[in-house]
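Trainee: need the 3D shape of this:
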Amino acid sequence: MKISWLKYEKDKDSFKMPEALGLDVYKLQDLEDSDKMLEKLINEDYKTIIISNDVASFSENIIKKYDKNPNIKIVISIDKDIL
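Mentor: Below is the predicted model of the structure:
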């Protein structure tokens, strides 16, 4: 199972620990590209994608498309300080 984290490039606080450990943390230069990046990660076989609140607010597909999909888990981080 592949896991990735997705955040806005200017967000310096989210996902510090996974990034420091060298895990797959992707940064968006433009939040308008949230849905495109989610599709790309899913096509690269990531089954769990943890996204920051900034990214979640710009994605239209999170609820509509992936909420009922049992193979894809998209988790919205509740606070920047947690991960």
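Trainee: what's the helix or strand bottoming out on mean pLDDT in the chain packed up against?
Mentor: The helix or strand of the chain with the lowest confidence, counting by mean pLDDT, DSSP states H and E, is helix 61 at a mean of 73. If contacts are counted by 3 or more CB pairs under 8 Å, 6 or more residues apart in numbering; DSSP states H and E, helix 61 sits against helix 34-43. The way it works is simple: take the backbone N, C-alpha and C, and place the C-beta from them, glycine included.
Trainee: avg pLDDT for the helix or strand following the helix it packs on?
Mentor: Once the chain leaves helix 34-43, the next helix or strand it forms, by DSSP states H and E, is strand 46-51. Across strand 46-51, the average pLDDT comes to 94.
Trainee: buried set for whatever helix or strand comes next after strand 46-51?
Mentor: Downstream of strand 46-51, the next assigned helix or strand under DSSP H and E is helix 53-58. Using 16 or more other CB atoms under 10 Å as the burial criterion, the residues of helix 53-58 that qualify are 54-56, 58.
Trainee: same question, stretch 1-10
Mentor: 4-8.
Trainee: equivalent analysis for stretch 35-53, please.
Mentor: For stretch 35-53, the neighbour count (16+ other CB under 10 Å) marks 37-38, 41-42, 46, 49-52 as buried.
Trainee: got these as JSON lines, with distance to Met17 columns?
Mentor: What follows is the buried residues of stretch 35-53, written out as JSON lines (distance: CB to CB, whole Å):
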{"residue": "Met37", "distance to Met17": "21"}
{"residue": "Leu38", "distance to Met17": "22"}
{"residue": "Leu41", "distance to Met17": "19"}
{"residue": "Ile42", "distance to Met17": "24"}
{"residue": "Tyr46", "distance to Met17": "18"}
{"residue": "Ile49", "distance to Met17": "17"}
{"residue": "Ile50", "distance to Met17": "12"}
{"residue": "Ile51", "distance to Met17": "16"}
{"residue": "Ser52", "distance to Met17": "13"}
